[in-house]
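Student: The sequence and its predicted three-dimensional model are supplied below.
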Amino acid sequence: MKMVNWMNFDNVWNEKVKETEEILGAFLPAEEGWAKTVMQAMNYSVNAGGKRLRPMLMAETYRLFGGTGKVIEPFMAAIEMIHTYSLVHDDLPAMDNDEYRRGRKTTWVVYGDAMAVLAGDGLLNLAFETALKSFEISESDIKRNARALAILANKAGIYGMIGGQTADIEAENLGSKVTEEHLLYIHEHKTAALIQAAMMIGAVLAGADAQQTALVERAAYEIGVAFQIQDDILDVTSTLETLGKPVGSDEKNNKTTYVTLKGIEEASREQREMSNHAIEQLESLEEKGFRNEFLMELIRSLITRIK
């Protein structure tokens, strides 16, 4: 496949981030009434910026399978809300106790522990309220919408992200006893699950069949695990100024990571292998006429990201 020119990729990336943030902003709550403070905390958290990777992967997978229209937009907003709520809770003193996220003070530092908990809860509930708006946009695709909603709930819950977070917290007390199997479970569920949800929802809403959706799920697993391994590497090699959040957080919290388990060199090698294999799987869809060059370049960019 012809690779997208890097300069052009960056320009397209920035445009797509802008488009994604416009979509997201349309579903955020107005800051008013007696619940105004929690709404402010929710909006502060979402508007902190970031790569908008999950809604972008969702939209590009939707386009990969020929999807058009606005039915994807509520789900794009919903998955970013869920991702953001997980970060708000992850930063709390009871969890990672981080004071910076995306280059500015975390939600609990600005609004306090209690309001940060409520902001996370609010974003999770708003996410599903938002996703349900897809039924109003496209009543003819009710089965697809329902399937997409089921994927979102499953991958965000105890069999997905929350399950991974649970295993991650418990691993902190195990030290060197954490195995590769345990670590891969954490990475698969805590990180890869929402990436799987994003790409699977994009595929389902565009009309992909079960076999194609399963292929996307497998590829998204490798993308998610590779993304987390790179995050582990950056926690050791990057700086607060570059990363936008404290480095050395894993060591501070006694976390076993792919880097501590295998070393930077081996972790980097496996990260590249997973990313490349995920791309190969998705490129195999070209035989059926499904092609999205930007999506492939987006995945490639995750290999070398520095923040």
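Tutor: Yep, that arrived. Residues are numbered from 1 along each chain as shown.
Student: what about stretch 185-195, start to end distance?
Tutor: Stretch 185-195 has its terminal residues 15 Å apart, counting by C-alpha to C-alpha, to the nearest Å.
Student: shift numbering so it begins at 44
Tutor: Yes, from this point I'll number from 44; that puts the last item at stretch 228-238.
Student: pLDDT averaged over that stretch - what is it?
Tutor: On average, the pLDDT along stretch 228-238 is 95.
Student: what's the answer for stretch 104-119, then?
Tutor: Per-residue pLDDT over stretch 104-119 has a mean of 96.
Student: got the contact list for that stretch?
Tutor: Residues outside stretch 104-119 that contact it (C-beta atoms under 8 Å, 6 or more residues apart in numbering): 63, 66-67, 69-70, 98, 101-102, 173-177, 180-181, 184, 188, 191, 195, 241-246, 248-251, 255, 259, 325, 328, 333-335, 338. Where C-beta positions appear, they are placed from N, C-alpha and C, glycine not excepted.
Student: Buried subset of those residues, written for PyMOL?
Tutor: Written as a PyMOL command, the selection of buried residues from the contacts of stretch 104-119, which uses 16 or more other C-beta atoms under 10 Å, is:
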select buried, resi 63+66+67+70+98+101+102+173+174+176+177+181+184+188+191+195+241+242+243+244+245+246+248+249+251+255+259+325+328+333+335+338
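Student: Might you specify the subset of the contacts of stretch 104-119 located within strands?
Tutor: Using DSSP state E to define strands, no part of the contacts of stretch 104-119 is located there.
Student: Could you pull out the strands in the stretch 144-293 of the chain for me?
Tutor: Using DSSP state E, counting those that start in this stretch, the strands of the stretch 144-293 of the chain run over 147-148.
Student: Sketch out the helices for it, chain order is fine.
Tutor: Ranges of helices in the stretch 144-293 of the chain, per DSSP state H, counting those that start in this stretch, are 150-154, 156-174, 177-180, 185-199, 204-214, 223-229, 236-249, 253-280, 283-286, 292-295.
Student: List the contacts of Ile276.
Tutor: Contacts of Ile276 by C-beta under 8 Å, 6+ apart are Tyr301, Val302, Ile307, Ala310, Ser311, Gln314.
Student: Just among those residues, which is most surrounded?
Tutor: For those, the largest neighbour count, defined by other C-beta atoms under 10 Å, is 25 neighbours, found at Tyr301.
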